[in-house]
Each structure stands twice: as structure tokens, then as C-alpha cells.
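This is the structure alone, sequence omitted:
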Ligand SMILES: Nc1ncnc2c1ncn2[C@@H]1O[C@H](COP(=O)(O)OP(=O)(O)OP(=O)(O)O)[C@@H](O)[C@H]1O
């Protein structure tokens, strides 16, 4: 067991803090120096214009590099250095968010990046296995000031089996867990636990599933793993990129600050709704329809819908050409052409050219027969060259092109899907395997896309193939992002001016960079050299293959969504985190083996997280009863702490519910020092109850994407997925259960969102 000795005596503690302050101040001086250097170089590079294409291209790469550096060096300001290891040899190593080296001397590490192998004992060393560490010290800082420290002396003689043997840095861990929430997730880099570290640093290849109950740190681990992989496999991943998929936009906002604070900006964060470039899927639909669209059978429906667009007319088609010549296209000719083209196995749009050739060939034969017929009854008089010329001319006839467009139209995925859903007869032809009710559910008028449509659009894009129009649309998206990117670089440049280049501009004599180049011109320069970050390029490209894909709340993904994600990750280097007991989506995953079997058979490994850091024991005991309803064999995670505050549970008359809720919300909010209150309500009542709470507490937020920084947030279970609050009120739990076939899982999610207090209000 490690002995947790707060340094004995205030004086000694002050001395120690004073000494650490000197070191930490030195580190901040170095950080300032590095940032000033990067800002100056960025400024210099942006001032250069002209030169050869190659010189410009090189310069753009350098601009991007310095802009990144300025951003990263600014992001690690808070908590730059948080730990120190003293070895058996008495050498001290400081651990922090980035590595800083003594460039003036022997290049010794002054601060070790937490991801470096030599920093690992900070997370793993225990009294039983001290790994050459004599003392582990956690440093607390605020605004560059050292405000406190906790020491653990790793002394094997004091080792004994206790309940908290597996917890490292206990005092710092508990301080982090008991701190008020802010509405934005914080990183856990100072207190990563042993079972989490093993997952964060696992090898890059292969599919790893991280299963863990609520609050076990799955999201935190996924984000730190992204940062670790980018550090350890920088070369490989900086060209292919890392994608992190989360359940909804509110959740992505909640986690958005974690990676930047770890000096990593290159991870693309996306929801399923945003995984088809150019489509923002915000339309709503019933959960049952979304579930239907998530079923694997939709691959067959879409394939049939594409085949249905390869049309064979029932009657011959007469094509009247301008010279009054009439050609007849017989159904048998079209059928033959279609079947031959289908046998090539090419995607629909890419096969169109072949179809044109086949049909035009047949029509050209008709023309040739007519004009080349030998009046004396001999062989046709036209040469092969004459026939080729006829074919060339026919291919350009607008009437023929129009007929071909009808028989084998080039389609975008959006067109295919919109036409299919808008026409019951098309649905009937494409989906004979569905029931009448299911077919009726698919029918809808065009106008926007739902998140469940996105994997279908992706599937359709595969079946159709990318033609020139799709490529042009992609180029346009990239151009738009390039302009955005250039804005970003100039923004960083503006921010960096306060650091070092202010004095140069004194007196207004010297032109600023923005006098020389604006975002449009910078983006033109970028365009020439195709300079965009990997994440940005990947975001614009549906066919991008990522180097690693991380999926959070992965239990919510439907089979169709898995297909989409697997296409984005042909290397199958993936981290999949989730909890099958929390599955809320009707097409979600009740079993990892089932979800993954079609792609990797049983070649995936399972890691489990067993300790809940969020949910105190008193609240977990209440949630455990609900978990047993989901599956009596399931066990909740072990809570790392108890608060001594039991959850309250009150039943009120139906007509008093709103008033009681408002009162309880006000009371709980008033009891928060600086934290957040989450009010989780049934989906069917969120508008009404949200309005009542907002009317009484103007600081409350409610809506499609409620602002989590507000002190009070009213939301549904679906919205609360992955989030947490200091205090949580769960309203009408029975109704939450009744609202969905996965209602118990929803209630389990709702009950496990609190870090401190839980109240339940029933009627
Ligand atoms: N090692 C740690 N040190 C400090 N805080 C931690 C640690 N591990 C987890 N936490 C905190 O516990 C809380 C829960 O973590 P997280 O949201 O990652 O859990 P989860 O497993 O994804 O939960 P859920 O399944 O309920 O969404 C967060 O506030 C996180 O910062």
C-alpha cells in the first residue's frame, strides 16, 4: 500500500511548494519562449508571397506547422506540469501535457510528455510494484501558481491489501471527482488509473472493444487513447487521420475541449448524422422508423431500388431524330444491354457508359441497315469505319441521350433515396421482404435527412459509384474548407500577436500580415498546394480511409451504421467503447459479438472497465435494481467512492408534479456551489416540463441542443447519454421506462448521470 503523506508540517509544505514553484515557473518561461518563437516564425512565413510553385507549397506546409504549434502551445497553459516522479536513484522527472527539452544544454527533458514510455510509472507504480519509483507527487496549479501537492511514498514494507489498493493518486483522484462540473468534460491526464492506462496505451492494430458500466471512464479513455496514438504513431496517423464518432452534437460539444487541452487538434469528431459529406441530417422521425432503417435488410432494399432504376420499357420506344428519321428501341434490346452491363458488376453510375455503348450499337445497326442496304440484295455497303461514325453521331443526339437518361439515369445517392421514399410503388418493388406497415413507415415526402438516412446514403453511394459530378462536389467542399482553414490560420496569427509581434507594429509603420494577405488569397495559395489538415480533407471525402476509428457509445449503432464505419476503416484499426446495458436505440447493439461478426468474425479483443468514477455507491445501488430488470446476470461497476448522501425518492399527486419539479429544481440548484443540475424527463414531456423549469429558473437550458454550461439543463435520456451533472433529478421514471422497448436501459442511463446527488420525482 502506498502511504499518503501530506508533507508533514505547514512550513515544510510551504518550502516544498516554493521549490516546486521555481521549477514550474521555469517551465512556463520555456513555454512562453517556444510560443514566441513559433508565433514569430508564423508571422515571417505569412509575410512571404510569390516564388515558385514548389517554394509556395513548402511555405504553406510551414505555415500550417507553425499555426499548429502556436495553437498547441497555448492550449497546454492550464496544468502544464502536474506530476513528479522521484526514482530510487533520487533523480526527479517532471510529467506534463507536453515534452519540453533543455535546448540550450544537453537536450535533457525538463518536462516529460505524459505519453512518453518513461512517464508511464507515474500511472502504474504501486507500493507492491513500484517500478523504480520512490515517490509520486501530484502538483496542483492554478494560473501558473503551485497551490498544493500530494505525495505517495511507494514503500513495499507498507504494502497491504486494502480496498483502494488499485487506486493510484487517490487524493488527487478524489479531488477531481468531487470538483464541480462545468458543462464541459475535463481531461483525466493527471489521474489515469491502471486499468485505464492499459487500454489507452494498447497497440494500434486490430479491433478493441472497451466494455464498461456508467462512469467507468470509457469516454475519457477513448479520448486519451486518441491523444496517445497520435503521439506514438504520429507519422502513420497524421496522413490517414483519426475519426471519433459520438452519439449526438450535444455530446460532441461536451467533449470538445479534452483533446485540445492535450495539445491534439487533429482528431475529426463527428456524429453519425454528419458522416455523409454535404448532408446535415437534422430531420426527425419516429424511433421505430429509425430502427427499421438501421436493419441490415436495407442493403437488399437499396440494391433492389437501384436495379429498379435500370428500366426496361414494356413497349418499344420510338426515338424521333431531327432528320425525321425514327428509330425503334425494342424492350428486348434494352433488356439484353442491361443484363450484359449488370454482369460486369460495375456500380450503377459507372456502368452507364457501357450501357450507352450497348444501346447505341443496336440503334446504329438499325441506321446502317437502312442506309447501307445494297439495292441489289448483296452485303451491306457500309464499312466498319462508316458504322463507327454513325455510332459517334447517334451518341450525341439529344433525343437518344434523353432516352438513355430515362432508361439508366445517372443518380446521386440523395436522388435515389428521395425518389424511393417519396413513391409507395417504388418502395413496394424494392422492399417485398418488408411488411405493409414497414413499407408504409418508409414512405415520406422529400425535404431533409434524418440521422438514420445517413448510412443509407452511404450504402447508396457505394451502389451507385462516384461519377464526375460527385468528384466535383467534393472539390467544392474542399475549397470551402480551405477558405475556412485560411481564416483559422489568420485567427491564430492574430491571437499570437499579443505574445510577441506587437512591438513591431508600433506606430503603424509596418504592415500587418492581414494587410498583405486575406483569407481568400491565402486559401488560393493553399489550393495550389492542396494544403489542408488531414482531418479537414477527411471530413470532405466520403471515401476517406482513416488510420484509426474510435466509436463512443457504440452500443447505439445500427447494423447499417456499422457498415458505414467499417468502410471508413479498411485497416480495422478501431477502438469501440460502450456499454451494452445502456443501449437505447432500437436498432442498437445488444451484443458486441453480433455487431462485429460480419466484419472481423471473432478477431476482436475485449477490455473491461470495472470501477465507476462518476457514480457514488449510494446512487449505484439504486441503479443496480434497474440493471437487474435489464438482465439479472448483469452487475453494475464498483463505485470508487461514497458520498454519504442517499438519493431521495418522492411520489406526488399528478396535478402537483410540475410545481414540485420546479420547486425541487430551484432547491437543488441553490444547493450547488459551482456545479450543474441535470433534470432528466420523459421525451414526451420535455417541452412542457422544460418550459416550466425555464420560466421559474431563467438560467435553465432546454431544447434540441441545450447549452450544457448553463447551471440547470432539462433534457431527455437520449440527450443525456454520455453526460454528467453534479446533481440529477429524474422525473417520472415509470414513464421513461414505458416510452421505449429499451426503457429500462434508458432509466439506467438517467439514474447514473450524477456525480453527487440524485433525486427521483414520481407521480
Ligand atoms: N482516472 C480518472 N481520473 C479522474 N476522473 C476520472 C477518471 N476516470 C474517469 N473519470 C471521470 O469520471 C467521469 C465519467 O467518465 P466517462 O464519462 O468517461 O465515463 P463513461 O464510462 O463514458 O460513462 P457513460 O457510459 O455513463 O457515458 C468523468 O467525469 C471523468 O472525467
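Yep, that arrived. Quick caveat, the model's predicted, so the values are computed rather than measured.

Would you map the helices across the stretch 601-750 of the chain?
617-630, 657-671, 686-696, 717-720, 733-738, 743-751 (DSSP state H, counting those that start in this stretch).

got the angle for the third one vs helix 657-671?
Taking axes from the mean of the first three to the mean of the last three Cα atoms, to 10 degrees, one finds helix 686-696 and helix 657-671 inclined to each other by 50 degrees.

tell me the average confidence for helix 686-696?
Per-residue pLDDT over helix 686-696 has a mean of 97.

With the fourth one instead?
Model confidence over helix 717-720, given as mean pLDDT, is 95.

And for the second one?
Per-residue pLDDT values over helix 657-671 give a mean of 96.

Could you list the buried residues of that helix?
Of all the residues in helix 657-671, those buried under the rule 16 or more other Cβ atoms under 10 Å are 657, 658, 660, 661, 662, 664, 665, 666, 668, 669. C-beta here means a position set from N, CA and C on the backbone, and glycine is covered the same way.

quick one: the last one and residue 698, what's the gap?
Right, the one you point to is residue 669. Using Cβ to Cβ, to the nearest Å, residue 669 is found at 11 Å from residue 698.

List the buried residues of stretch 330-348.
333, 334, 337, 338, 341, 347, 348.

Over to stretch 319-332?
319, 321, 327, 329.

Repeat that for stretch 708-722.
Neighbour count says stretch 708-722 has 708, 710-722 buried, by 16+ other Cβ under 10 Å.

can you check stretch 603-619 too?
604, 607, 609, 611, 612, 613, 614, 615, 616, 618, 619.

which residues sit in contact with the second one?
Contact criterion Cβ atoms under 8 Å, 6 or more residues apart in numbering gives 198, 199, 202, 208, 209, 210, 211 as the residues in contact with residue 607.

Could you report the pLDDT at it?
96.

what bridges to it?
Per DSSP bridges, the residues bridged to residue 607 are residue 210.

before we move on, what about the fourth one?
When bridges are taken as DSSP bridges, the partners of residue 611 come out as residue 638.

I figured it was touching residue 620, is that so?
No. The pair residue 611 and residue 620 does not pass the contact test of Cβ atoms under 8 Å, sitting 10.9 Å apart.

residues bridging contact with those two, i.e. touching both?
Joint contacts of residue 611 and residue 620 (Cβ under 8 Å, 6+ apart) are 637, 639.

ok, back up a step: so which of the helices of the stretch 601-750 of the chain comes closest to residue 364?
helix 717-720 (59.2 Å; Cβ to Cβ).

Would you mind listing what in the stretch 101-250 of the chain touches the ligand?
Within the stretch 101-250 of the chain, the positions lying close to the ligand (Cβ under 6 Å from any ligand atom) are 173, 176-177, 186, 188, 191-193, 196, 212, 214-220.

again, only using 5 Å
Within the stretch 101-250 of the chain, the residues that sit near the ligand (Cβ under 5 Å from any ligand atom) are 176, 188, 191, 193, 214, 215, 216, 217, 218, 219, 220.

quick one: what helix or strand has the last one in it?
Here residue 220 sits within helix 218-232, counting by DSSP states H and E.

Which elements pack onto the helix or strand that that helix is followed by?
Note on helix 218-232: by DSSP H and E, the next helix or strand toward the C-terminus is helix 234-240. Helix 234-240 sits against helix 218-232, helix 534-540, with contacts defined as 3 or more Cβ pairs under 8 Å, 6 or more residues apart in numbering; DSSP states H and E.

Check the average confidence over the next helix or strand after helix 234-240, would you?
On the C-terminal side of helix 234-240, the closest following helix or strand by DSSP H and E is strand 242-246. Mean pLDDT, computed over strand 242-246, is 96.

Against which helices or strands is strand 242-246 packed?
helix 218-232, strand 267-271, strand 548-551.

Recalculate using a threshold of 10 Å.
helix 218-232, helix 249-255, strand 267-271, helix 534-540, strand 548-551, helix 559-568, strand 574-578 (3 or more Cβ pairs under 10 Å, 6 or more residues apart in numbering; DSSP states H and E).

The residue nearest the centre of the chain and the ligand, how far apart?
By Cα atoms, centre = their mean, the mean C-alpha position of the chain lies nearest to residue 245, the distance being 2.7 Å. Residue 245 sits 14 Å away from the ligand, going by Cβ to the nearest ligand atom, to the nearest Å.

Can you mark which positions in the longest helix along the chain are buried?
In the chain, taking DSSP state H as the definition, the longest helix is helix 10-47. Of all the residues in helix 10-47, those buried under the rule 16+ other Cβ under 10 Å are 17, 20-21, 23-24, 27, 30-31, 34-36, 38-43, 45-46.

after it comes which helix or strand?
By DSSP H and E, the next helix or strand past helix 10-47 is helix 53-75.

Give the buried residues for that next one.
56-57, 59-60, 62-64, 66-75.

in the buried residues of stretch 603-619, which two residues are the furthest apart from each other?
604 and 618 (35.6 Å).

follow-up on the earlier one: most tightly packed of the helices and strands packed on helix 234-240?
With neighbours taken as mean count of other Cβ atoms under 10 Å, these reach their highest mean count in helix 218-232, at a mean of 24.

list the contacts for the residue in the stretch 451-600 of the chain positioned nearest to the ligand?
Residue of the stretch 451-600 of the chain nearest the ligand, by Cβ to the nearest ligand atom: residue 579 (5.0 Å). By Cβ atoms under 10 Å, 6 or more residues apart in numbering, residue 579 lies in contact with 210-216, 218, 553-555, 609, 634, 637, 745, 748-749, 752.

In ChimeraX, how would I select the buried members of those residues?
Of these, the buried ones can be selected in ChimeraX as follows, counting by 16+ other Cβ under 10 Å:
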select :210,211,212,213,214,215,216,218,553,554,555,609,637,745,748,749,752
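
Can you name the element that comes right after the helix or strand residue 341 falls within?
Using DSSP H and E, residue 341 sits in helix 331-343. Later in the chain than helix 331-343, the nearest helix or strand by DSSP H and E is helix 348-371.

Between helix 331-343 and that following helix, find me the angle.
Using the same axes, to 10 degrees: helix 348-371 against helix 331-343 is 140 degrees.

can you pull the buried residues of helix 348-371?
348-349, 351-352, 354-356, 358-360, 362-364, 366-368.

got it, and stretch 438-454?
Buried-residue list, stretch 438-454, by 16+ other Cβ under 10 Å: 438, 439, 441, 442, 449, 450, 451, 452, 453, 454.
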